[in-house]
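S.K.: I'd like to go over a predicted model; first the sequence, then the structure.
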Amino acid sequence: MLSRTADHLFWMARYMERAENTARMLDVNYQMSLLPQSEGAAERGWRGLLSINEISGDFAKRNEAVTPKSVINYMVNDEKNGSSIRCCLMAARENARAVRGTLTTEVWETQNQTWLEFQRMVASDAFQRGPGEAFEWVKFRSHLSRGVTVGTMLQDEAFHFLRIGSFLERADNTARLLDVKFHSVENDLIGFGPGAAAARLRYGMALGPTQSQSQSQSQSGGGSQSQSQSQSQESGKDVEFDFYHWSAVLRSVSGFEVYRKVYRNVIRPERVAELLILRPDMPRSLAACMHEVLLNLQRVANEQSKDTLRMAGRLQADLQYGRIDEILATGLHAYLTQFLERVNALGAGISRDFLVPVAA
Amino acid sequence: MKAGFDEMRAADGAVREHYGGYDRWLAEQPPQVMQSRREEAEVIFRRVGITFAVYGAKEDANGQNGGTERLIPFDLIPRVIPAHEWREMERGLRQRVTALNRFIHDVYHEQEILKAGVVPADQVLGNAQFRAEMKGVEVAGNIYSHIAGIDIVRAANADGSGNYYVLEDNLRVPSGVSYMLENRKMMMRLFPDLFNRHRVAPVAHYPDLLLETLRSVAPAAVNDPTVVVLTPGMYNSAYFEHAFLAQQMGIELVEGQDLFVRDNFVYMRTTQGPKRVDVIYRRVDDDFLDPLAFRADSTLGCEGLLGAYRAGNVTLSNAIGTGVADDKSIYPFVPKMIEFYLGERPILNNVPTYVCRDPDDLGYVLDHLGELVVKEVHGAGGYGMLVGPASTAAEIEAFRGALKADPNRYIAQPTLALSTCPTFVESGIAPRHIDLRPFVLSGKTVQMVPGGLTRVALKEGSLVVNSSQGGGTKDTWILEA
C-alpha cells in the first residue's frame, strides 16, 4: 500500500477517536455540572478539560471566562482550536476523502455523513441546546465508524493502519484523562513521596482527614475563591464528591459498569487507576490499547520497522506485567508522563518506518 | 435557425417509439414523485460525496473547504437512444478512434499523411500540441489514446429528421465517465420499476473494460503489470472520478509525490518499500507530467517520468502528445484520415467546417459571419469565439478584423440546432439542449459500453452543457426494442 495512503488512514482513525474522546470529556463535565457542587469545583472541571488537551493558553487568549458555554463552544466548534470536535471530524473526513478509494463505500459514507450531519447540528445549535444528546451523537458516530470498518473492510494493511491509529490515539487520550483527573483531586494525593502516595491510595478515599486536606489543597491550588466552609463540613461532602468525581471519570470511558462488575466494591482511585491502566479486558485501558497497537503493528512489519516494534512490544509488556502498587510507588503523574512520551515516540517511529519514509 | 429536433417527440408532438414506454410510465406517476425523487437524489449524491471541486477555491488558512464542493445537477429523465442507432454510432466511433490513433502514430513516425498532403504539415508540426519528444518513440501496441471521449450532438435537418455529428474529439484526459456510471446507479435506485419495464443495456462493466485495456498496453516485458491511476490530488475538480475509477478497478490512486524514477524505471513508495509501476492511467496534463521535461514548476508529476517512458519501461495512458489529433485545426481533416488510413468512408459525420486558412473558405466565412460560429483553433471553454446569431453588429465587425488579420487561427461552423430532451426543471418538464460523450477504449481491441454521458444545458435556450456553466447530466439508455 502507498505510504501516503497509510498515513491518511492512520490519521483518519486518530482524528475520529480524538473527536470521540473530546465528546466524552465534555459530556462528563457537563453531567457533573448538573450536580450540586461549588462553582470552584465546576470551573476546575472545565479547566481540567482544557489542560488535558494542553490548550488552556490558547483558550485564555480568546475567551474571557471559563464557563460551560465558552468551553463547550471552544471544544466543539472552534475552527482555530485543532482539538475541537469540528476540526477532528473535518480532518477525519478530509483524510478519508484523500483515500476514499481504499475505504469501503460504507466506511467513506459514514465519515462523510458524520461531517455533513455535524455541520447541520452546529447550524441548529444542537451542542448548546442539548449538550448531552449531542455528545452522545459524536460517540455513536465514532462507534459506527469503527464498527463499519471492522464489519466491511478486508483485513489488509489498510485495516491495520486504521486500527493502529484508533488505539494509539485512545491510549494517549486515556492516559491524559487519568493524569488530569488524578491531578485535579490532589496535586498530589500521590505526591508526598512515593511511599506515602502508595500508602494513601491503598487506604483509599474514605480516610476523612487525608481527603479533606487534599480536597482543600486542590481547591486552593485550582485558584477557586469559593472555599469558605469549615473543614468538618467539607469532609462529609468530600466522600460524596469523591464518589461522583471517580464515577464520572469512569463514565467518561464507559467504565462505571465495568468497574462494578470487575471489583464488586466501592469506588477507590487506585482501583480506577488499575482498571484504566492495566486491565487487559477493559477496552479503553492503556494495556488493551497497546495490545491492539502491537498486534496490528506486527501484521504490517517491514524491513525497517524492527526498532518500532521493539518499542511497542516493550511498552505492551510493561503494561501486561505491571502492578498498580509499583506504578503508584513511582508516582502516577510521573508514570503517565513517561507513558505519553513513549506513545509519542512510538507514533514517530510508525511515521518514519511506514507513513513518510525518507529514502526513495 | 432551423426547427429543433426533440429526442422524445416528433415535430407533430407524437411521442417517438423508443420513448413510448417512458411516456406511459410518466403518465402513471403521482405529481409529487419527480420532486421527491430529485430531493432524494441530492441527499444521496451528497452522502456519497459525488462532488466536483471548484477551481481557485482551495482550502483557506483553516483548512475550510466545505463550501467549495458542488454537486453536478442530475436530471431524472433519461436520454433514450434506440439500439439500432447506437450500433451504427458504435461502428462509427470504432472507425474514427482507430483512424485517430493511426494518425498520431504516423505524425510521430513516418508522417505519411503529411507527405501525401492530406493534412497540411505546418498545421501539425507547428501545433503547440505537437510533442517533438515523442518523435520515434515506440508505444505499446502503437496506441496513443487508450481512452477517448467523443462528443456527439444531434442536429435537425430541414425535413425534421435528425443527424448525429461529432462535435469534438477528446483524446487527452477526457472525464465524465464516473457520472455515467453513478447516474445509472442512481436511476436504478430511484426508479427500479422503470428498469423492470425496459431493456436498458447495462454500463456497470466499464471499469472492467478499462482495466483490461490498461493491462493490455503494459510494456511487453511485463507479465502481471501493476497499473495505477495518477491524480493531481483531492482538490482537482475531477478527483471524485479518479478515486472512483481506482477503487472500481482495485488499483492504487497515486499522486506525483508517491512516485519516483530510478534507473529509468518508475516506482511508488509503499509501506513495504518501493514497488514497480508498469502502467499509469494519468489524469494529469502533459505539461505537468515531468518537471524535468515540461513545466519545471509542476509538483503534480514525477521527475524523470519522460525518460522512463521513452525507454519503454512504463506505459502512460493516454500517451504524451495526443493533443495533436484533437485540436480544432485538425478536426476538419478527420474524415480524410479515415479514408487515408482505413480506406473506408466515414460513418459518423463531422460538422461542416470552414478552415479560414483556405482562401475560398475564408471568403465564405467573411460573407456569412452573422450565421456562423467562429472558433479559435487552440481556444477552449468558449474563449476567443464568435457566435454569429447571438452577436451584435459591432461585435461581428470587431471579429471580422481579427479574422482577416490572422485567418490561420480560426475555423467556422454553421450554428447547429442541438437536439433537445425533456428535462425536469423548476417550471416542470421542459425541453433542454443535450449532447453525448461516449467513451471509447483502445487496447488490444477497441471496446466501449453502450451509451455514454449525456450532458444537458439546464438554462432555457442555452447550448452550453459544460458543468462549470450550469450544465447537468442525465442517464443515457441504449434501449433494445
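M.R.: Perfect, thanks for sending it.
S.K.: helices or strands next to the host helix or strand of B:Phe45 in the packing?
M.R.: If you go by DSSP states H and E, B:Phe45 is part of helix B:33-48. Counting contacts by 3 or more C-beta pairs under 8 Å, 6 or more residues apart in numbering or on different chains; DSSP states H and E, helix B:33-48 is packed against helix A:105-123, strand B:74-82, helix B:177-190. (Glycine included, C-beta is placed from N, CA and C.)
S.K.: again, 10 Å this time
M.R.: Applying 3 or more C-beta pairs under 10 Å, 6 or more residues apart in numbering or on different chains; DSSP states H and E, one finds that helix B:33-48 contacts helix A:105-123, strand B:74-82, helix B:177-190, strand B:420-425, strand B:428-437.
S.K.: List, one by one, the residues from the stretch 151-300 of chain B near chain A.
M.R.: B:228-229, B:231, B:233-234, B:239-240, B:242-255, B:257-262, B:267-275 (C-beta under 10 Å from any C-beta of the partner chain).
S.K.: which SSE is the most centrally placed residue in chain A in?
M.R.: A centroid search over chain A (C-alpha atoms, centre = their mean) returns A:Asn173, at 2.7 Å, as the residue closest to the centre. A:Asn173 belongs to helix A:157-185 when elements are defined using DSSP H and E.
S.K.: could you list every residue that touches the closest residue to chain B within the stretch 1-150 of chain A?
M.R.: Ranking the residues of the stretch 1-150 of chain A by distance to chain B (C-beta to the nearest C-beta) places A:Gly101 first, at 3.5 Å. With contacts defined as C-beta atoms under 10 Å, 6 or more residues apart in numbering or on different chains, A:Gly101 is in contact with A:5, A:108, B:229, B:231, B:242-253.
S.K.: same thing but at 6 Å, please
M.R.: Residues in contact with A:Gly101 (C-beta atoms under 6 Å, 6 or more residues apart in numbering or on different chains) are B:243, B:246-247, B:253.
S.K.: do B:Glu376 as well
M.R.: Applying C-beta under 6 Å, 6+ apart, we find B:Glu376 in contact with B:384, B:409.
S.K.: Please report how far it lies from B:Arg400.
M.R.: Taking C-beta to C-beta, to the nearest Å as the measure, B:Glu376 and B:Arg400 are separated by 15 Å.
S.K.: can you check A:Ala23 too?
M.R.: A:Ala23 is 68 Å from B:Arg400, where distance means C-beta to C-beta.
S.K.: between those two, who's got more neighbours?
M.R.: Just comparing A:Ala23 and B:Arg400: by other C-beta atoms under 10 Å in any protein chain shown the higher neighbour count belongs to A:Ala23, 26 against 15.
S.K.: Give the other helices and strands that the helix or strand harbouring that one contacts.
M.R.: A:Ala23 is part of helix A:3-33 when elements are defined by DSSP H and E. For helix A:3-33, the elements it packs on are helix A:39-52, helix A:68-77, helix A:85-98, helix A:131-152, helix A:157-185, helix A:231-252, judged by 3 or more C-beta pairs under 6 Å, 6 or more residues apart in numbering or on different chains; DSSP states H and E.
S.K.: looking at those, which has the lowest confidence?
M.R.: Among the helices and strands packed on helix A:3-33, helix A:231-252 has the lowest mean pLDDT, at a mean of 70.
S.K.: Buried residues in the helix or strand that comes right after that one, which are they?
M.R.: Downstream of helix A:231-252, the first helix or strand assigned by DSSP H and E is helix A:256-263. Within helix A:256-263, the residues that count as buried by 16 or more other C-beta atoms under 10 Å in any protein chain shown are A:256, A:258-259.
S.K.: thinking again about what came up before, now the buried members of the residues of the stretch 151-300 of chain B next to chain A.
M.R.: For these, a burial check counting by 16+ other C-beta under 10 Å picks out B:228-229, B:231, B:233-234, B:239-240, B:242-249, B:251-255, B:258-261, B:267-271, B:274-275.
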